[in-house]
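Asks: Give me coordinates for this.
(2 chains)
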Amino acid sequence: MLLRKAREYRQRYGVELRVVSITDITGTAHSQDGIDLKLALERCRRGVIDYPGAEEMSGVDAIREIEAELVVEATPSNIKNGEPGMSHMLESFRAGKHVVTSNKGPLALEYWKLVQEAERRGVEFRFEASVGGAMPVINLARETLSGDRIVGIEGILNGTTNYILTRMTTEGTSYETVLREAQELGYAEADPTYDIEGIDTASKLVILANAVMGMRARFGDVKVRGITRITPEAVRLAKERGYVIKLIGEVKDSRLEVAPRLVPESHPLNVGGALNVAMLECDVAGRITVIGKGAGAIETQSAILSDIISIARRCGG
Amino acid sequence: MRISLDVELEDTPGQLLRALEPISKHGGNIISIVHIRDERRPSRRLCVHLVMDVHDRETLEVILEELKSRGIGIARVGEDVRKERLTLLIIGHVVDTDLRDTIDRLNAIEGVLVSDLSLAMTHPEAESSAIVSIEVSQGADTEKLMAAIDEIAREKNLEILRSLEV
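Replies: This next block holds a predicted model:
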């Protein structure tokens, strides 16, 4: 995406973005003059180690030693201890580097510790991509709705479970059948536990509660229930009464809850497929609803790029 | 707040308008007017039953004062209690886990009334689903209701889905 949009960003924002290093599980590629992104995309199918001159260097070392202004942290999310993302972020702050991330594990576990550390070191820390993928929520609430206080948030924050429940509703198929097909189509992981048990939604909810509502919430504060017990009969009964079943994350009055809920068919939160939706209860604007694609490698880039550009414009360069 | 009001009017033209004016003037919103024609009062007065939304207690007092000063009799004033509907979808061995008890425990909470129930049972041995409609009055203890729902779900191993709050 950076390759595609380089000229556009230069023209629209007067911003020049140069990738100086890339690290993945295989190693680190480094070029202070700028990585040849086209070459990297061609050569590095297996891993970054195939880039000319790449070496086996860990993420933490790369962050510490390589000269750069901003780190994009996009390693897999880990809700148990947040690693390796947590270390990457803290090391970046220590090295005086801004951080843009899509990694929700560290944020769900230690939101305030990370935010305060970034503040102490005087660097920017942005994470729009950690919640809702391409759907803007965090920046929307904090920057665009800055005149309002957000008093409640309600939404569908997980595309996998939305896909499953939507299909159960429209087709009447069983949960197991739809899950299996979802896995085949790539809408669900081989181990879908985090999605179907509501853990993914819960971690995003905690981030929102902290980032948007200024709460001091921890992952353990969320009451979580997943969708594993939903039956076709239940879906049908709900439909007869004009309701659809959705896995909803809700923050209200200091209560955080993820649970399958009955949503009226005509309600703004009734969005289908694998879409995400977030409804913000604002004290001046009232209810603001955002809908978008929650996940997807390409869609998530929208949020990451937006954060990179924000920082670039603020900090010059 | 929603108020129900019974006023006594003289059965002459323009009386109803005179009664409604003070309400309108002070920002009251008329919800319903029932003109009870056959309930004649001794002094040739009519009874009109009004339901209205007023901003607060003070506004209500002002309106009542003005009605009195216009010679309009006030037979009854009451706060109309508003009800909200909460729907629950229960999945599990709904009947076998003493459905009567489940309903009773919900009804036991003040302001809460189970008004409707639908059951779907595919097979006697299998789990079933039930949809329950609950009327919740304005002053009801919703915290207690939530806690009761959680307790029932835990004890009876039921999955209980709540409708979104209005």
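Asks: Give the residue farthest from the middle of chain B.
Replies: Most distant from the centre of chain B: residue B:125, at 38.9 Å, with distances by CA atoms, centre = their mean.
Asks: OK, contacts around that residue?
Replies: Counting by CB atoms under 8 Å, 6 or more residues apart in numbering or on different chains, residue B:125 touches no other residue. For every residue, glycine as well, the C-beta is placed using N, CA and C.
Asks: which residues sit against stretch A:224-239?
Replies: Contacts to stretch A:224-239, defined as CB under 8 Å, 6+ apart, come from residues A:161, A:164-165, A:168-169, A:172-175, A:196-199, A:201-202, A:244-245, A:247, A:257-260, A:262, B:89, B:91-92, B:118, B:120, B:122, B:127-131, B:159, B:161.
Asks: again with stretch A:191-206
Replies: A:77, A:79, A:104-105, A:107-108, A:111, A:130-132, A:153, A:157-158, A:160-161, A:164, A:179, A:182-183, A:188-189, A:217-219, A:221-222, A:224-228, A:247, A:249-251, A:256, A:258-259.
Asks: Ends of that stretch, what's the gap?
Replies: Taking CA to CA, to the nearest Å, stretch A:191-206 runs 22 Å from one end to the other.
Asks: centre of the chain versus it, how much separation?
Replies: 12 Å (CA atoms, centre = their mean, to the nearest Å).
Asks: got the contact list for stretch A:297-311?
Replies: The contact list for stretch A:297-311, computed with CB under 8 Å, 6+ apart, reads A:1-2, A:5, A:9, A:13, A:15, A:17, A:70, A:72, A:74, A:98, A:100, A:102, A:124, A:126-129, A:132-134, A:136, A:139, A:292-293.
Asks: now stretch B:85-100
Replies: Stretch B:85-100 is contacted from outside by A:229-231, A:234, A:237-238, A:241, A:243, A:245, A:262, B:102, B:119, B:121, B:127-136, B:145, B:149, B:156-163, B:165-166, using CB under 8 Å, 6+ apart.
Asks: starting at the chain centroid, how far to the strand or helix carrying residue A:211?
Replies: In the assignment (DSSP states H and E), residue A:211 maps to helix A:199-213. Chain-centre distance of helix A:199-213: 10 Å, with CA atoms, centre = their mean.
Asks: I'd like the next helix or strand past that helix.
Replies: By DSSP H and E, the next helix or strand past helix A:199-213 is strand A:223-224.
Asks: where in chain A is pLDDT low?
Replies: Where chain A drops to pLDDT under 70, the residues are A:316-317.
Asks: Just list what the strand or helix carrying residue A:7 packs against, helices and strands only.
Replies: Using DSSP H and E, residue A:7 maps to helix A:2-13. Helix A:2-13 sits against helix A:37-43, helix A:297-315, with contacts defined as 3 or more CB pairs under 8 Å, 6 or more residues apart in numbering or on different chains; DSSP states H and E.
Asks: what are the pairing partners of the helix or strand just after that helix, and which direction each?
Replies: As assigned by DSSP H and E, the chain's next helix or strand after helix A:2-13 is strand A:21-24. Here strand A:21-24 is paired, per DSSP bridges, with strand A:27-30 (antiparallel).
Asks: Sitting in strands, which of the contacts of stretch A:224-239 do you find?
Replies: Applying DSSP state E to the contacts of stretch A:224-239, the entries found in strands are A:244-245, A:247, A:257-260, A:262, B:89, B:91-92, B:118, B:120, B:128-131, B:159, B:161.
Asks: Show me what counts as buried in stretch A:96-108.
Replies: For stretch A:96-108, burial by neighbour count (16 or more other CB atoms under 10 Å in any protein chain shown) applies to A:97-108.
Asks: Next step: those residues restricted to strands.
Replies: Using DSSP E, the buried residues of stretch A:96-108 in strands are A:98-101.
Asks: ok, of the residues you listed, which one's closest to chain B?
Replies: residue A:101 (31.2 Å; CB to the nearest CB).
Asks: residues contacting the closest one?
Replies: Counted by CB under 8 Å, 6+ apart, residue A:101 has contacts A:72-74, A:85, A:89, A:107, A:126-127, A:129-130.
Asks: do the same with residue A:159
Replies: A:133, A:187, A:273-276, A:293-295.
Asks: One more pass at 10 Å, please.
Replies: Going by CB atoms under 10 Å, 6 or more residues apart in numbering or on different chains, residue A:159 touches A:132-133, A:182, A:187-188, A:195, A:200, A:273-276, A:293-296, A:299.
Asks: Now it: closest residue in space that isn't a chain neighbour?
Replies: residue A:274 (3.6 Å; CB to CB, 6 or more residues apart in numbering or on different chains).
Asks: quick one: low-confidence ranges for chain B?
Replies: B:37-44, B:80-81, B:166.
Asks: Could you chop it up by domain?
Replies: Chain B breaks down into these domains under automatic domain parsing: B:2-79, B:83-162.
Asks: that older thread, buried only: go through the contacts of stretch B:85-100 for me.
Replies: A:229-231, A:234, A:237-238, A:241, A:243, A:245, A:262, B:102, B:127-134, B:136, B:145, B:149, B:156, B:158-163.
Asks: Strands of chain B, start to end?
Replies: Here chain B has its strands, by DSSP E, at B:2-10, B:29-41, B:45-53, B:73-79, B:83-92, B:112-120, B:128-137, B:159-162.
Asks: okay, now residue 120: neighbour count?
Replies: Picking chain A for this. The local packing of residue A:120 (other CB atoms under 10 Å in any protein chain shown) involves 10 other residues.
Asks: Can you look at chain B instead?
Replies: 17.
Asks: Who does it form a beta bridge with?
Replies: Beta-bridge pairing for residue B:120 (DSSP bridges): residue B:129.
Asks: for residue B:137, same thing?
Replies: The partner residues for residue B:137, given DSSP bridges, come to residue B:83.
Asks: Pretty sure it sits against residue B:115.
Replies: No. The criterion here is CB atoms under 10 Å, and residue B:137 misses it with residue B:115 at 11.9 Å.
Asks: Between those two, which is the more surrounded one?
Replies: residue B:137 (13 against 10).
Asks: quick revisit: chain center to the helix holding residue A:7, what's the gap?
Replies: Per CA atoms, centre = their mean, the centroid offset for helix A:2-13 relative to its chain is 23 Å.
Asks: Spell out which residues sit in contact with residue 108, please.
Replies: Let's take chain A. Neighbours of residue A:108 in contact, by CB under 10 Å, 6+ apart: A:77-79, A:82, A:130-131, A:199-200, A:202-207, A:210, A:217-219, A:222.
Asks: You answered for a different chain; I wanted chain B.
Replies: Contacts of residue B:108 by CB under 10 Å, 6+ apart are B:144, B:148.
Asks: Much appreciated, bye for now.
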